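**Q** Whatever this is, show me its structure:
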Amino acid sequence: MKLVELNWPDGKAELGGVKRDVRLDLLEDVKVGDYVIVHAGYAIQKLDEEEALETLKILKEARII
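**A** Below is the predicted model:
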């Protein structure tokens, strides 16, 4: 998901037009525009943009998202 709002330690992340509240406690140095993996409401890993876009492309091709 792409982080679209930040109010530490809370944020909002978006994927496919759907926004979700996320907690950012488990990550350091995140900013709006970063891509993160979200599990159970927590951002658990930061991805670089190239990796995130490639992953999103594969998920769309597989019709998972």
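**Q** alpha carbons only for contacts and neighbour counts from here, please
**A** OK.
**Q** Please give the centre-to-centre distance between the helix or strand bottoming out on mean pLDDT in the chain and its chain.
**A** Considering only helices and strands, the least confidently modelled element of the chain by mean pLDDT, DSSP states H and E is helix 49-61, at a mean of 94. Distance of helix 49-61 from its chain centroid, counting by CA atoms, centre = their mean, to the nearest Å, is 12 Å.
**Q** Which of the residues in it are classified as buried?
**A** 52, 56 (16 or more other CA atoms under 10 Å).
**Q** again with stretch 28-45
**A** Neighbour counts over stretch 28-45 (16+ other CA under 10 Å) mark 30, 34-36, 38, 42-44 as buried.
**Q** what sits against the residue nearest to Ala52 when sequence neighbours are not counted?
**A** Spatial nearest neighbour of Ala52, chain neighbours left out: Tyr35 (6.4 Å); criterion: CA to CA, 6 or more residues apart in numbering. Tyr35 makes contact with 1-3, 46-49, 52 under the criterion CA atoms under 8 Å, 6 or more residues apart in numbering.
**Q** hang on, the earlier thing: quick one: which of the buried residues of stretch 28-45 sit in strands?
**A** In strands, judged by DSSP state E, the following of the buried residues of stretch 28-45 are found: 35-36, 38, 42-44.
**Q** Tell me where the protein is predicted with low confidence.
**A** Judged by pLDDT under 70, the chain has no weakly predicted residues.
**Q** what's the spacing between Ile64 and Thr55?
**A** 11 Å (CA to CA, to the nearest Å).
**Q** hang on, the earlier thing: can you dump the C-alpha atoms of the least confident helix or strand of the chain in CSV for me?
**A** The C-alpha atoms that make up helix 49-61 are tabulated as CSV, following Å, rounded to 0.1, in the frame of the first residue of the first chain:
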residue,chain,number,x,y,z
GLU,A,49,9.1,2.1,-5.3
GLU,A,50,10.4,-0.2,-8.1
GLU,A,51,9.8,-3.3,-6.1
ALA,A,52,6.3,-2.2,-5.0
LEU,A,53,5.2,-1.3,-8.5
GLU,A,54,6.4,-4.6,-9.9
THR,A,55,4.6,-6.5,-7.1
LEU,A,56,1.4,-4.5,-7.7
LYS,A,57,1.7,-5.3,-11.4
ILE,A,58,2.0,-9.1,-10.7
LEU,A,59,-1.0,-9.0,-8.3
LYS,A,60,-3.1,-7.2,-10.8
GLU,A,61,-2.2,-9.7,-13.6
